[in-house]
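Novice: Got a predicted model here, sequence first, then my questions.
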Amino acid sequence: MAHVLIPVNDLKRAKSRLSSSLKPAERRDLVLAMLADVIAAVTAARIGQISVLSPDSEVLSYARSLGVQTIHEQPRQRGLNEALQWAIQSHLSGADEVLVLPADVPLVSVAELRAFRDSAGDLEDRPRSVSVAGTSFLEGTNGLWLRPPDVIPTQFGKNSFTRHLAATIFAGIDVNPLAVIPGLALDIDTSDDIIAFGVLSRRRMPTRTLKLLQRLGLVRGESLLEYPR
């Protein structure tokens, strides 16, 4: 059985790099819109059960309203990697494999998610494998398929793409470095990311995130507004 684990930060701290341009309520709305888009894509792809991991009760309540399971991150968990390991060990012990997927990749498509799943190969033929999807410049990781779920410790943080590959190779496990999957490569953290999102959205199905950014006046029709840097 596969499981998709989507971690989400506390809404008060989420997307702080956009704080000079977006009000707290707007950042909150952006986080929830992106989460809804990611959940919709994963649900349609049918690649596994979905759980949202967060310390924020509003995020968890919203995720439940979208029909997915939730895991309440505990205050004692220090950092994302520790929280992920705790969630996998405590709540996903019955899973054969886990996809750790960020909540801020609203352009990810059903086809991309299925291709990512298929990159891990057949469970019987490859009982131990890791697939890593990198961010645009391969500095970070925007998708991590772990089989079994504890095959390697997660390495999210600075240079996580390289560190995930290194940890997998060091453990002598098959690794699938999926350098750039367009819908996974773009996460929205900065004003430049919003501009890129607007451009790429022209080639994709409309999303809640796009509608929100249009309503906020950051993306308009086929042209982009000048965005403060």
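Specialist: That came in fine, so what should we check first? Numbering: from 1, shown residues only.
Novice: max-length helix in the protein?
Specialist: As assigned by DSSP state H, the longest helix anywhere in the chain is helix 24-45.
Novice: export that one as CSV, just CAs?
Specialist: Extracted in CSV, the C-alpha atoms of helix 24-45 (Å, rounded to 0.1, in the frame of the first residue of the first chain):
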residue,chain,number,x,y,z
PRO,A,24,-0.9,37.5,6.4
ALA,A,25,-4.5,36.7,5.4
GLU,A,26,-3.4,36.5,1.7
ARG,A,27,-0.5,34.2,2.5
ARG,A,28,-2.9,32.0,4.5
ASP,A,29,-5.2,31.9,1.5
LEU,A,30,-2.3,31.1,-0.8
VAL,A,31,-1.1,28.2,1.3
LEU,A,32,-4.6,26.7,1.5
ALA,A,33,-5.3,27.1,-2.2
MET,A,34,-2.0,25.4,-3.1
LEU,A,35,-2.8,22.6,-0.7
ALA,A,36,-6.2,22.1,-2.3
ASP,A,37,-4.6,21.9,-5.8
VAL,A,38,-2.0,19.3,-4.7
ILE,A,39,-4.6,17.2,-2.9
ALA,A,40,-6.9,17.3,-6.0
ALA,A,41,-4.0,16.2,-8.3
VAL,A,42,-3.0,13.3,-6.0
THR,A,43,-6.6,12.2,-5.5
ALA,A,44,-7.2,12.1,-9.3
ALA,A,45,-3.9,10.3,-9.9
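Novice: tell me the mean pLDDT for it?
Specialist: Helix 24-45 comes out with an average pLDDT of 97.
Novice: Who are the packing partners of it?
Specialist: Helix 24-45 sits against strand 2-7, strand 49-54, helix 57-65, helix 110-119, helix 208-215, with contacts defined as 3 or more Cβ pairs under 8 Å, 6 or more residues apart in numbering; DSSP states H and E. Quick note: C-beta positions are derived from backbone N, CA and C, even for glycine.
Novice: 6 Å - rerun?
Specialist: Other helices and strands packing on helix 24-45, by 3 or more Cβ pairs under 6 Å, 6 or more residues apart in numbering; DSSP states H and E, are helix 110-119, helix 208-215.
Novice: so how far is it from its chain's centroid?
Specialist: Mean-position distance between helix 24-45 and its chain equals 10 Å (Cα atoms, centre = their mean, to the nearest Å).
Novice: got it, and stretch 72-81?
Specialist: The answer for stretch 72-81 is 17 Å, by Cα atoms, centre = their mean.
Novice: what distance separates the start and the end of it?
Specialist: 15 Å (Cα to Cα, to the nearest Å).
Novice: which outside residues touch it?
Specialist: 53-55, 83, 86, 154, 156 (Cβ atoms under 6 Å, 6 or more residues apart in numbering).
Novice: go on, stretch 197-204?
Specialist: 107, 188, 210, 219, 224.
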